[in-house]
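Engineer: need a structure here:
(chains A and B)
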Amino acid sequence: MGIRRSTVILAWILLLPAVLYVTVIVAYPLVDTFILSFTDASLKKTTNWVGTANYEKIFNGTFAEVIIRTFVWTAFSVAIKMIIGTFGAVMLNAAVPGRPLFRVLTMPPWIVPMAIGIFMWGWMYNGQFGMISGMLQNWGLVDGPVAFLAHGSTAFWATIITDVWIGVPMVTLYMLASMQAIPQDLYEAAWTDGAGRVYRFRRITLPLLIPAMITMSMLSLIATFNSFDIIWILTQGGPNGDTTTMIIDTYRTAIGSKKYGEGAARAVLICIFLSIFCVAYFRVTHRLASGEHR
Amino acid sequence: MSQPAMINRYRWYELVGIYAGIFLFLSFILAPFVEGFLVSLKPLGLLFSSPYRFWPENGSFEAYRTMWVSVPGFARYIFNSFFISTIVTAVVLLLVVPSAYAFARFKFRGSGALLAAFLAVNMFSGAVLLIPLFRLMRSLGVLNTYFAMIVPGVAFLIPSAIWLLRTYMMRIPRELDEAAFVDGASHFYTLRRVILPIAMPGIAVVAITTFIGSYAQQFIFALTFNSKTEYMPLPIGLYAYFGRQEVVWNELMAASFVGIAPAVIVIFFLQRYLVSGLTAGAVKQ
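Structural biologist: Below you'll find the model as predicted:
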C-alpha cells in the first residue's frame, strides 16, 4: 500500500509541470472566454455585465449564415482531402520503382510553413497575371481573366482547394501507414487462391482501411474547422464576407474591432461545436478499438 | 522466385496507370512550388504582362540578390523563426518527457481522464482562444516579445507530443524497468538511465514534429501578439515584400525559398523519422 501511494505521488510530480502549463495557457483562457462572453469588454477601461446580450446579437445578425457557411466549407474540404489523400496513398502503396522518392515529394505542403504555401496559391489565383487564370486563357477555356479571389463563389472554392492542398499530405501518409500495417499474408493467401489485384484491393485493403478512414476524417474535421491562416491570408473573409467562417468572424470581431465580449461569445459557440466533435471522436475511436479486440 | 516478388509484379498497363496516378497526384502537390520557383526567376516586367507565360524567358537569379537589398532585415526573420521554434521544442520536450513516462508506466485514478483531457486540448486551436490569450499575454507583460510567441506555442504542442511519446515508451518492455528496480534503482534513475536512452529515437521524432508544428503555427500568434519588426518570424516578415502599390512577387517567392531552405534540408535528411512519427499514431494502440 505504501509503495502504491508513493508511485502515485511520483506520477503526479512527473505530470505536474505539463498539467500546470496547459491549465494556465489553455484551460484558464477557456474559462475566461466563457466569462468574457457575458460582458461588454473592449478597449475601454470599464467592463460591464451584459447578460446574454452578446448571444442575442449573434443570433439576430448574420452569424447563422456564417455557421452554415463554416459547416459547408469544412464538409467539402474534408471530403476532398480524404478522396485525394486516399487516392495518393493507394498510388504510393504500389511497389513500383521510385516509391521512396514519391513519398518524400508528398510532404512539402505539410512541412513548409503554411503562410508560404498560401502566398504561392495567392499568386496562382491572381486574375491578371496568375498561373491558373493564365493557363485557362491560353487554352481558350475562358475568355477573359478570372480573378478567383475577387468573386464570392470562386473565392469560396479557392480557399477550399488551398486548405485541401495543405491537408492532403497528412491524410496520404496516414492512410499509407495504415495500408502497410495490413498483414501481408492476407494478400498472399488471396493471391494463392487466384484473386486478382482489383479483387484483393476491394476485398482486403478497403474493408481493413475503413477504421483508419473514419479516424482520419474526424481528425481532419476538427483541424479544418479550426482553419484560420488560409482564409485570412487569401481573402481575410471577403469578398463581401463570402469566405467568412466562424473563426475568421471571431478574429475580426475580437482582434480587428476590439469587441472582446462579442468575440468571446462567438468563440464559446466554436468551443461548443468543437466539444461535440471531440466527444464524437472519442466515442468512435473507442468503439473501433473495442471492435478490434472482439 | 518467392511469392512476394511474384505478387508485386505489374503488367505494363498497370504500371502506366500507377505512374499516371502518381504524376497527377504529385502535380497537385508540387504545382505551387514549381510555379513559385519559376516566378522567382522572372523579372517583374515579365510577371506583370499578359498573356501568361509559364517559362521564364530571360529569367535570372537576380531576385535572390535584390531580396536582401529591399528587405535588409530578412536574415533576422529567418533567425527569429528558428529561434522561436527551437526554444518551443526544447520547452515542450522538457515538459513532455516526464509526463509521457508517467502516462506510459503508472496507472492511477484519473490517469485515463487526464490523458483524454490532454487530447481534447489538441482539438482547440490557438485561434479560438486568442482573446483571453491576448489579455493573458498583456497582463504578463510579454506582448511584443519573443515570449508572446513562445509561451502559447508550447501549450498547443504539448498534447500531441505526450501522445506520441507515450505510445513509444509503452513499447519499451517493462522487464527493463523491473530489472533496474530489483537492482535498487529509483524511478528517477530508471527514467534517466534506462528509459531515456532507449526512447531516444522516439524523442527525436517528437522533437521534429514539434519543431515543424511550431514553425507552422507561428503565423497567428505573431500576427496577434507581436508588432515589433525585430521579433517577427519568417511568415510575417514576408509581408515586408507587400509594397504600397504592388507585391514584389519575384522577391517574395525568392525569399520564401531562401527562408524554407534550411528547414527543408534538415527535414529531408530526417524524413525517415518523420514518417515513423506519424505512423506511431496509425499503428493501432
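
Engineer: and B:Arg166, what pLDDT?
Structural biologist: pLDDT, B:Arg166: 88.

Engineer: State the distance from it to chain A.
Structural biologist: Distance, B:Arg166 to chain A, by Cβ to the nearest Cβ, to the nearest Å: 11 Å. C-beta coordinates here come from the backbone N, C-alpha and C atoms, glycine included.

Engineer: host element of that residue?
Structural biologist: Using DSSP states H and E, B:Arg166 sits in helix B:146-170.

Engineer: who are the neighbours of that helix, in terms of helices and strands?
Structural biologist: In this structure, helix B:146-170 makes packing contacts with helix A:2-22, helix B:74-105, helix B:111-123, helix B:130-140, helix B:196-225, helix B:249-282, judged by 3 or more Cβ pairs under 8 Å, 6 or more residues apart in numbering or on different chains; DSSP states H and E.

Engineer: between those helices, which one is nearest to A:Met170?
Structural biologist: When the helices and strands packed on helix B:146-170 are compared by Cβ to Cβ, helix B:249-282 sits nearest A:Met170, at 7.6 Å.

Engineer: what about B:Gly184, how many neighbours?
Structural biologist: 7 (other Cβ atoms under 10 Å in any protein chain shown).

Engineer: How about B:Arg65?
Structural biologist: Quick note: B:Arg65 (other Cβ under 10 Å) scores 11 neighbours.

Engineer: Buried residues, the helix or strand hosting it. List them.
Structural biologist: B:Arg65 belongs to helix B:62-70 when assigned by DSSP H and E. Buried residues in helix B:62-70, counted by 16 or more other Cβ atoms under 10 Å in any protein chain shown: B:Glu62, B:Ala63, B:Tyr64, B:Met67.

Engineer: For B:Ile18, give me the pLDDT.
Structural biologist: If you check B:Ile18, the pLDDT there is 91.

Engineer: Low-confidence bits of the stretch 151-285 of chain B, can you list those?
Structural biologist: Residues of the stretch 151-285 of chain B that meet the criterion pLDDT under 70 lie in B:244, B:272-285.

Engineer: OK, contacts around B:Pro32?
Structural biologist: Residues near B:Pro32 by Cβ atoms under 8 Å, 6 or more residues apart in numbering or on different chains: A:Pro109, A:Gly117, A:Met120, A:Trp121, A:Met124, A:Trp165.

Engineer: repeat that for 7 Å
Structural biologist: A:Gly117, A:Met120, A:Trp121, A:Met124 (Cβ atoms under 7 Å, 6 or more residues apart in numbering or on different chains).

Engineer: again with A:Val22
Structural biologist: By Cβ under 7 Å, 6+ apart, A:Val22 lies in contact with B:Val121, B:Ala155, B:Ile158.

Engineer: B:Val151 now?
Structural biologist: So B:Val151 contacts A:Ile25, B:Val142 (Cβ under 7 Å, 6+ apart).

Engineer: burial count for the closest residue to chain B within chain A?
Structural biologist: Closest contact between chain A and chain B, by Cβ to the nearest Cβ, is at A:Gly134 (2.3 Å). Neighbour count of A:Gly134, defined by other Cβ under 10 Å: 21.

Engineer: Kindly list the main-chain dihedrals of it?
Structural biologist: phi -60, psi -50 (degrees, to the nearest 10).

Engineer: ok, and the closest non-adjacent residue to it?
Structural biologist: Using Cβ to Cβ, 6 or more residues apart in numbering or on different chains and skipping residues adjacent in sequence, the residue nearest A:Gly134 is B:Tyr52, 2.3 Å away.

Engineer: coming back round to it: what average pLDDT does the helix holding B:Arg65 get?
Structural biologist: The average pLDDT within helix B:62-70 is 83.

Engineer: who does it touch, helix- and strand-wise?
Structural biologist: The contact analysis (3 or more Cβ pairs under 7 Å, 6 or more residues apart in numbering or on different chains; DSSP states H and E) places helix B:62-70 against helix B:249-282.

Engineer: re earlier: what lies in contact with the helix holding B:Arg65?
Structural biologist: So helix B:62-70 is in contact with B:Ser40, B:Pro43, B:Phe74, B:Val248, B:Asn250, B:Glu251, B:Ala254, B:Ala255, B:Val258, going by Cβ under 7 Å, 6+ apart.

Engineer: So for the residue of chain A closest to chain B, what's the pLDDT?
Structural biologist: You'll see A:Gly134 listed with a pLDDT of 83.

Engineer: B:Ser49 is in contact with that one, correct?
Structural biologist: No. Using Cβ atoms under 7 Å, A:Gly134 is not in contact with B:Ser49; the gap is 10.4 Å.
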